[in-house]
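A.B. asks: how would this look folded up:
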Amino acid sequence: MNPLLSYHRKKMIDTADVTHKELKAARKAAELHQFQVAALLHVSEDTVSRWERGEQVPTPDQVDELEKIYNAPGLWYGWMRWRYKS
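C.D. replies: Model prediction:
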């Protein structure tokens, strides 16, 4: 089962409300460290940390890559809905 979906079902969180906290949860569910994600995205470990603390926002392309790295379908869509609420 997809790690992010499993996490969402367990925590009863709607995938349409993906926030910085869910970025961290998805990374942990994928059993990856921040430095590993940083290396795959060619960013610093501090950047990944800032994303997960909500201090900085990844670009839509970076969220798309995170979705693939974490094997978390729906992450990009949920992130965009949360980030650009009208």
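
A.B. asks: what secondary structure does Arg27 sit in?
C.D. replies: helix (DSSP: H, G, I helix; E, B strand; the rest coil).

A.B. asks: what count of nearby residues applies to it?
C.D. replies: Number of residues near Arg27 (other Cβ atoms under 10 Å) recorded here: 23. Yep, even glycine has a C-beta here, placed from its N, CA and C like the rest.

A.B. asks: local confidence estimate at it?
C.D. replies: Note for Arg27: predicted pLDDT of 93.

A.B. asks: what's the answer for Leu41, then?
C.D. replies: pLDDT, Leu41: 96.

A.B. asks: do you know how far it is from Glu31?
C.D. replies: Counting by Cβ to Cβ, to the nearest Å, the separation of Leu41 from Glu31 is 17 Å.

A.B. asks: repeat that for Val57.
C.D. replies: Applying Cβ to Cβ, the value for Val57 to Glu31 is 24 Å.

A.B. asks: which one of those two has more residues nearby?
C.D. replies: When Val57 and Glu31 are compared for neighbours, Val57 comes out ahead with 13 against 9, by other Cβ under 10 Å.

A.B. asks: three-state assignment of the more buried one?
C.D. replies: coil.

A.B. asks: that one is in contact with Trp51, isn't it?
C.D. replies: Yes. Applying Cβ atoms under 8 Å, one finds Val57 in contact with Trp51, separated by 7.1 Å.

A.B. asks: model confidence for Ile69, exactly?
C.D. replies: pLDDT at Ile69 comes out at 93.

A.B. asks: burial of it, as a residue count?
C.D. replies: Neighbours of Ile69 using other Cβ under 10 Å come to 17.

A.B. asks: next one: Pro58
C.D. replies: 21.
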